[in-house]
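Participant: for reference, the sequence and a predicted model appear below.
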Amino acid sequence: MTDGTLTAAEPREATLSAEAVTVRLGGRSILDEVSFTIGRGEFTGLIGANGAGKTTLLRVILGLQAPTAGRIRLGGPGHARGGIGYVPQKFLLEQDMPLRGRDLVGLGLDGHRLGFALPSRRRAALVEEMLEAVGAGRFADARVGRLSGGEQQRILIAHALISRPRLLLLDEPLANLDLPSAQEVVRVLSRVSREQQIAILISAHEMNPLLPVMDRVVYLAGGRAATGTVEEVVRSEVLTRLYGHHVDVLRVHGRVIVVAGTGQDEHPAAEEAGAGGVEIV
Amino acid sequence: MAGVLHTLVEPGFFSDSAVQLALVVGGVVALVAAAVGVFTVLRGQAFAGDALGHMGAAGGSSAYLIGLAPLWGFVAVALAAAGLMEMVGIQRARGRDLATGIVLGAGLGLAALFLYLDTTHSGTAGATGTILVGSIFTLDPAILPAALALGAIALIIVIALFRPLLLSSISPELAVARGIPVRAVGILYLIAMAVAVALCAVTIGAILSTALLIGPGAAALALTNRPGRAVALAGVIGLAATWLGVLLAYDSYYWPPLHHGWPVSFFVVALVLIAYLGARAGGRRRVGG
Amino acid sequence: MFSAFMVNAWIVATIVAVVGGAVGFFVVLRGSAFVAHAVPNGSFAGAAAAALVGISTLVGLGVFALGGALGIGLLGRRGRPEVATALTLVFMLALGALFLGFTTEYGPEIYSLLFGEVLGVSSAALAPTAGLAAATLAGLALLYRPLLFSSVLPESGRARGVSAFGIELCFLMVVAAATTVTVPVVGTALIFSLMIGPAAGARAFTARPHLALALSMAFALVTVWAAIALSYESGWPVGFFVGAGSAAAYVCGRGWTLARRRV
């Protein structure tokens, strides 16, 4: 049972269309008939607590996990170019690794092909253009393992974008960043998305940094999804129905705070309010 | 029934004094190695354990050549190597493996040099064999008290530090947050591991000691999530592999090539490997894939 | 030491260094120091078996190196890779001990196999060794991009169709081939240090992958040439000098990194 889609882009033009995606593993229902569409150049937030199924959904979209039922459809007219760009949640870039940001972005272009990359001005120009687009030109020649979390994140975004995907997936990119870095990453993503008409699906357990730029939200709880604009979805009635128990949504000074009621919940919805309790800004 | 027993256990097995000593020392070593080894697996330090074994080989040969029991050579070098690795090493696993490798390379290079100098100066080449694959049937009974004492030290470290060791092995950040001195625990653990490896070196040889150290532990961890149970289970597996290995080696005296006998260490390692593969297959079936 | 009969030794030394340094770049990148230690040590059993059966040592080395590498790859796919590495290594060492036990007349050959030999590759074996080395380097060149990609960002690689497991298997086979080429000169016990010291040292001096690869081969060349020369003069084993030289390369790299951080 799902709240379904409240408003949706025309399926025919959709860059991505998830249709009743269900994943059951080891007797547990991780995703339960999740449906939503993402239109061209739309910025969508996949919001949910840890364990709500966000990573699983991303893996299904990437083709790394087969759904028990339902399917993912990519495309629509005018979407001949590009597949899906991906910025993973976990990556270990060793401090001493001999690799510059520039090299890592180059791998995004042709790293999957055999052999060596022949030096070419066109390739170098493409890489430079992408680095500038994410604001990483300044530190592109430094050792990638020595960069800060936010800088590495931007390099990875350039790495994912250089292959001109139609959709960019980011798995919890903001989780370990401080607020200013997170905001910078969101700004970069939003600008790139608008300029290059690339759809973006970004998973997060804290939606506030994304509020200024999100076109739509896919809100996951217990494997079920509510989708639509932020105004439509992030409301007490909708989330209460989704969670299956009472949930309050407070809006304070432009920030959204979701507070789970007492009762038999393990939902770290309280996470979004900060450690233990409601935070008024 | 008596016939079956007779074919499994060749005559004279239980009355042979060398066998009795082998069973006692081997048993003690197996239990100590199993307890220590569970943590080696949890901490991802299999390479360090292996490196200590190889370095211990160098120490063992040096000791032998100056007339000491190899055990002391193993212990001394293993402890020194552990200390060096701790000094050179970095916290993250990859940096540590690299540092381990470099220390091992330098140590083995020195071992190569010492062996060369000694063979050219004194012509003793046969010692290398026993150092490398152990000499469980030719143990000096005088070694027993020393082995027991060392084993006790290693066990005491592991038992006394059980909970902080467990936490810092699984999640160092959490351990630091709880106020556990992670580095100190790590150093003490390296000492226990060095001692355990040195003991294994006596029974199955320095370069094969890793099998007894991590095999039973890895097998146990594939079968159970509870650390206490894993230690017990590892002890049982290690003990069984060692005793069965002794038995088979004794029996093999009657196998081809006749009157030659296969080395105990071969059987112990093979049995440990079988136990590990079996545990993995069995464990997976239990969880249901 | 530059006489006619040593030409062979210098050619082989160069081949060994280039292969060891090139493979080493990826060994260090992937954090596979233990694997680099395990495969050659395991191949020792193959050489012992070959002597028992009476066939070429090179074949014995190659077969067991490949077998060990595949065993590590398959066993390590699920569960803990380093446990798989350790147990595969130790089992093969135990086999080696068993085979050695069956042959009694083997003293100095064991030593050379373990610790290296200046004239480790006979003239007869030169052609197959060079051929295998060329194949190994060609394989590395072909795999360069996906190997680099998958080693640094395995998840992204998988999303672009580069199977992390497939790459791991290919890499293990390259290590096995490199083992077969290099062990006769450097010895099973110490070849791994040639595959980690020079590469670990090289990466401290540059952040560009191509340069780090080239520098790794250069450091390896210096190490192996020096080892051959010093071993020839002193009679001490080649493996000792390789171990020492590799440690020196590593220390240089670390020293340089620390010095730069203080500046």
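Facilitator: Received the coordinates, thanks. All of these numbers come straight from a predicted model, not from anything done at the bench.
Participant: what is the neighbour count of C:Leu119?
Facilitator: Counted with other C-beta atoms under 10 Å in any protein chain shown, the neighbours of C:Leu119 add up to 17. (Glycine included, C-beta is placed from N, CA and C.)
Participant: hang on, it in a strand?
Facilitator: No - applying DSSP: H, G, I helix; E, B strand; the rest coil, one finds C:Leu119 to be coil, outside a strand.
Participant: low-confidence ranges in the stretch 51-200 of chain B?
Facilitator: B:61-68, B:88-94, B:119-132 (pLDDT under 70).
Participant: which parts of the stretch 151-289 of chain B are helices?
Facilitator: Applying DSSP state H, counting those that start in this stretch to the stretch 151-289 of chain B gives helices spanning B:162-170, B:172-177, B:182-204, B:209-223, B:227-251, B:264-287.
Participant: just those helices: most buried one?
Facilitator: helix B:209-223 (a mean of 30; mean count of other C-beta atoms under 10 Å in any protein chain shown).
Participant: ok, stretch B:17-34 near chain C or not?
Facilitator: No - using C-beta under 8 Å from any C-beta of the partner chain, we find that stretch B:17-34 stays clear of chain C, coming within 12.7 Å at best.
Participant: would you mark the buried spots in that stretch?
Facilitator: Neighbour counts over stretch B:17-34 (16 or more other C-beta atoms under 10 Å in any protein chain shown) mark B:19, B:21-23, B:25-34 as buried.
Participant: which of the residues you listed fall in helices?
Facilitator: Among those, DSSP state H puts B:19, B:21-23, B:25-34 in helices.
Participant: nearest to chain C among these?
Facilitator: Distance to chain C across those (C-beta to the nearest C-beta) is lowest for B:Ala33, with 12.7 Å.
Participant: residues contacting the closest one?
Facilitator: By C-beta atoms under 8 Å, 6 or more residues apart in numbering or on different chains, the contact set of B:Ala33 is B:Ala196, B:Leu199, B:Cys200, B:Ser209, B:Leu212, B:Leu213, B:Pro216, B:Gly238.
Participant: pLDDT value on the fourth one, please?
Facilitator: What the model reports as pLDDT for B:Ser209 is 86.
Participant: same question for C:Ala51.
Facilitator: C:Ala51 carries a pLDDT value of 81.
Participant: double-check that it belongs to a strand.
Facilitator: No - applying three-state DSSP, one finds C:Ala51 to be helix, outside a strand.
Participant: leaving out the residues flanking it, which one is nearest to it?
Facilitator: C:Thr103 (6.2 Å; C-beta to C-beta, 6 or more residues apart in numbering or on different chains).
Participant: hang on, the one you found packs against C:Ala49?
Facilitator: No - at 9.8 Å, C:Thr103 and C:Ala49 do not qualify as touching, with contact defined as C-beta atoms under 8 Å.
Participant: neighbour count: the two, which is higher?
Facilitator: More crowded of C:Thr103 and C:Ala49, by other C-beta under 10 Å: C:Ala49, with 23 against 13.
Participant: now stretch C:191-203: average pLDDT?
Facilitator: 95.
Participant: compute the first-to-last residue distance for it.
Facilitator: End-to-end distance for stretch C:191-203: 19 Å, by C-alpha to C-alpha, to the nearest Å.
Participant: roughly how far out does it sit from the chain middle?
Facilitator: Relative to the chain's own centre, stretch C:191-203 is displaced by 10 Å; criterion: C-alpha atoms, centre = their mean, to the nearest Å.
Participant: swap in stretch A:45-62?
Facilitator: 9 Å.
Participant: does any part of it sit near chain C?
Facilitator: Yes - interface with chain C: stretch A:45-62 contributes A:Leu62 (C-beta under 8 Å from any C-beta).
Participant: tell me if the helix-or-strand element of chain C with minimal mean pLDDT is near chain B.
Facilitator: Lowest on mean pLDDT, DSSP states H and E among the helices and strands of chain C sits helix C:107-115, with a mean of 79. Yes - counting by C-beta under 8 Å from any C-beta, chain B is contacted by helix C:107-115 at C:Gly107, C:Ile110, C:Tyr111, C:Leu114, C:Phe115.
Participant: name the SS class of the spatially most central residue of chain A, please.
Facilitator: With distances taken as C-alpha atoms, centre = their mean, the residue of chain A nearest its centroid is A:Ile202 (1.3 Å). Each residue gets one of three states, and A:Ile202 gets strand by three-state DSSP.
Participant: A:Phe36 now?
Facilitator: Classified using three-state DSSP, A:Phe36 is strand.
Participant: which regions of the stretch 51-200 of chain C sit below the pLDDT cut-off?
Facilitator: Using pLDDT under 70, the stretch 51-200 of chain C drops low at C:104-107.
Participant: rerun that using 90 as the cut-off
Facilitator: Along the stretch 51-200 of chain C, the model assigns pLDDT under 90 to residues C:51-58, C:76-82, C:93-126, C:155-161, C:189-190.
Participant: give the burial count for C:Gly245, as a bare number.
Facilitator: C:Gly245: 26 neighbours (other C-beta under 10 Å).
Participant: thinking again about what came up before, of the contacts of B:Ala33, which pair is most distant in space?
Facilitator: Maximum pairwise distance among the contacts of B:Ala33 (C-beta to C-beta): 14.2 Å, between B:Leu199 and B:Pro216.
Participant: related to what we said a few turns ago, any chance of JSON lines for the ones in helices among the buried residues of stretch B:17-34, columns pLDDT?
Facilitator: What follows is those, written out as JSON lines (pLDDT from 0 to 100):
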{"residue": "B:Val19", "pLDDT": "85"}
{"residue": "B:Leu21", "pLDDT": "86"}
{"residue": "B:Ala22", "pLDDT": "87"}
{"residue": "B:Leu23", "pLDDT": "89"}
{"residue": "B:Val25", "pLDDT": "89"}
{"residue": "B:Gly26", "pLDDT": "90"}
{"residue": "B:Gly27", "pLDDT": "91"}
{"residue": "B:Val28", "pLDDT": "91"}
{"residue": "B:Val29", "pLDDT": "92"}
{"residue": "B:Ala30", "pLDDT": "93"}
{"residue": "B:Leu31", "pLDDT": "94"}
{"residue": "B:Val32", "pLDDT": "94"}
{"residue": "B:Ala33", "pLDDT": "94"}
{"residue": "B:Ala34", "pLDDT": "93"}
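Participant: for the stretch 1-150 of chain A, what lies in contact range of chain C?
Facilitator: Counting by C-beta under 8 Å from any C-beta, the stretch 1-150 of chain A sits next to chain C at A:62, A:64, A:84, A:86-88, A:90-91, A:93-94, A:96-100, A:103-104, A:107-108, A:110-117, A:141-144.
Participant: flag the shaky bits of the stretch 101-250 of chain A, pLDDT-wise.
Facilitator: Scanning the stretch 101-250 of chain A for pLDDT under 90 picks out the ranges A:111, A:116-119, A:149-150, A:163-166, A:175-184, A:192-197, A:205-208, A:212, A:221-224, A:230-250.
Participant: from A:Asp248, how far out is A:Ala137?
Facilitator: No, residue A:137 isn't Ala; it's Gly. Look at A:Gly137 and A:Asp248: by C-beta to C-beta, to the nearest Å, they are 45 Å apart.
Participant: mind checking how far stretch C:5-13 is from the chain centre?
Facilitator: Offset of stretch C:5-13 from its chain centre (C-alpha atoms, centre = their mean): 19 Å.
Participant: buried stuff in it?
Facilitator: Neighbour count says stretch C:5-13 has C:Met6, C:Asn8, C:Ala9, C:Trp10, C:Val12, C:Ala13 buried, by 16+ other C-beta under 10 Å.
Participant: and if you look at stretch C:200-214?
Facilitator: Across stretch C:200-214, burial judged by 16+ other C-beta under 10 Å covers C:200-209, C:212-214.
Participant: wait, doesn't A:Leu114 sit right on C:Arg145?
Facilitator: Yes - using C-beta under 8 Å, A:Leu114 is in contact with C:Arg145, at 6.6 Å.
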